[in-house]
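> with the sequence up front, the predicted model follows.
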Amino acid sequence: MTGKTSEPAAPKPATTAPDIAARLQAVKAKRGYLLPHHGLLAVTSERLLDAYDQAYTALALDMRVLSVHDREFVWLAILIATDEALATHHIPKFRADGGSDDEIAAILRLSAWAMGGKAYDFVARHWRAHLPDFDPDAHYGSSLHRLAEGVCLRLALMAVAAVHAACGEHELLARAIILAYAANVPEPDLAEALSLVMFPGSVPHFVEAARVWLDLIRAGKVAPSPAFAAWAGLEGQGGHDEASRAAPT
C-alpha cells in the first residue's frame with residue numbers, strides 16, 4: 001500500500017508595508033522610539049513581536065515595587081556595566097523623575113567600582129595565606145559604604161548587585177545580597193533590580209543571579225521572608241541536568 005504524502009503547507013501571503021508600519025507604530029506609541037529589531041520582528045513574526053513587547057512592558061514600563069527614579073538608577077548602572085550605548089532613553093526617564101547630576105556621578109562611581117570587584121575575589125582566592133588579618137569581605141562592605149555616601153544605601157546596594165549579576169560575577173553578587181539583607185533592603189525591591197538584568201545583561205545572567213540568591217538562602221547565609229523561604233524550599237529548580245539526572249558539564 002502506497003502511503004499518501006501530505007502536501008506542503010501553502011506559504012502565507014507576504015506581510016504588506018501598511019501592516020508592518022501599523023505594527024511598528026503601535027510599538028513606538030508605547031515607548032516613544034524604535035530600534036532595528038522591532039522592524040525585523042514586525043516583518044518576520046508578529047506573534048514574537050507582541051510577546052517581546054509584552055515582556056518588555058512588564059519589565060521596564062509597568063510599575064512593580066520600585067519607583068521610576070529607583071528603577072532607572074539601577075538600570076543606568078546596568079547599562080554602564082554591559083557597555084549598552086543604545087538605551088539612552090533611560091537617562092531622560094531618570095532625570096524626569098528627579099534624578100540629579102550628583103546621582104549620575106554616584107551611579108558611575110558605584111558601577112566602576114563594582115566592575116572592578118574581581119580584585120576582591122582574587123585576594124580571597126590567592127592571598128589569604130599571605131594576609132591572615134585581612135578580610136576581603138569586610139573590606140568590600142566598608143568600601144561600598146564609603147562609595148555610597150551621598151546616595152541612598154538601598155539604591156547603591158541594588159545597583160551594585162545588579163552590576164555583579166550583569167557581569168556574571170557570582171561571588172561578588174553573593175556578597176552584595178548578604179549586605180542588602182544586613183541593610184534591610186526589601187526582598188521585592190532587590191528582586192526587581194536584579195530582574196532588569198534580563199534585557200541588557202541576558203536572561204542566563206538573571207537565571208544565575210537567582211541561583212546565587214537561592215543558594216544563599218539554603219545555606220542559611222541570609223534570613224528570608226516566608227515567601228522567599230518557600231521559594232528556597234521548592235525542589236527541582238536545577239534545570240534540565242537535574243531533571244534528566246545528567247552530569248553537569
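Received it, and whenever you're ready, just let me know what you need.
> only C-alpha atoms from now on, for both contacts and neighbour counts.
Noted.
> so which other helices or strands are in contact with the strand or helix carrying Pro92?
Following DSSP states H and E, the helix or strand that holds Pro92 is helix 90-96. Judged by 3 or more CA pairs under 8 Å, 6 or more residues apart in numbering; DSSP states H and E, helix 90-96 is in contact with helix 68-81.
> which outside residues touch the helix it packs on?
Defining contact as CA atoms under 8 Å, 6 or more residues apart in numbering, one finds that helix 68-81 is touched by 85, 87, 90-91, 93-95, 97-99, 104, 107-108, 110-112, 115, 155, 158-160, 162-163, 166-167, 193, 196-197, 200-201.
> shaky segments in the chain?
For the chain, the stretches flagged by pLDDT under 70 are 1-15, 243, 246-249.
> let's see that with 80 instead.
Screening the chain residue by residue with the criterion pLDDT under 80, one finds the ranges 1-15, 19, 30-33, 35-37, 39, 43-44, 235-249.
> next up, phi/psi of the residue minimising distance to the centre of it, please.
The structure's the chain has its C-alpha centroid closest to Val197; by CA atoms, centre = their mean the separation is 1.6 Å. For Val197, the backbone dihedrals (degrees, to the nearest 10) come out as phi -60, psi -20.
> how about the closest residue to it other than its chain neighbours, what does it touch?
Using CA to CA, 6 or more residues apart in numbering and skipping the chain neighbours, the partner closest in space to Val197 is Ala166 (5.6 Å). For Ala166, the contacting residues are 78, 81-82, 197, 200-202, 205-206, by CA under 8 Å, 6+ apart.
> okay, those in CSV with distance to Val68 next?
As requested, these are exported to CSV (distance: CA to CA, whole Å):
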residue, distance to Val68
Ile78, 15
Ala81, 20
Thr82, 21
Val197, 16
Pro200, 18
Gly201, 20
Ser202, 22
His205, 23
Phe206, 21
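> thinking again about what came up before, in helices only, show me the contacts of helix 68-81.
With helices defined by DSSP state H, the entries of the contacts of helix 68-81 inside them are 90-91, 93-95, 104, 107-108, 110-112, 115, 155, 158-160, 162-163, 166, 193, 200-201.
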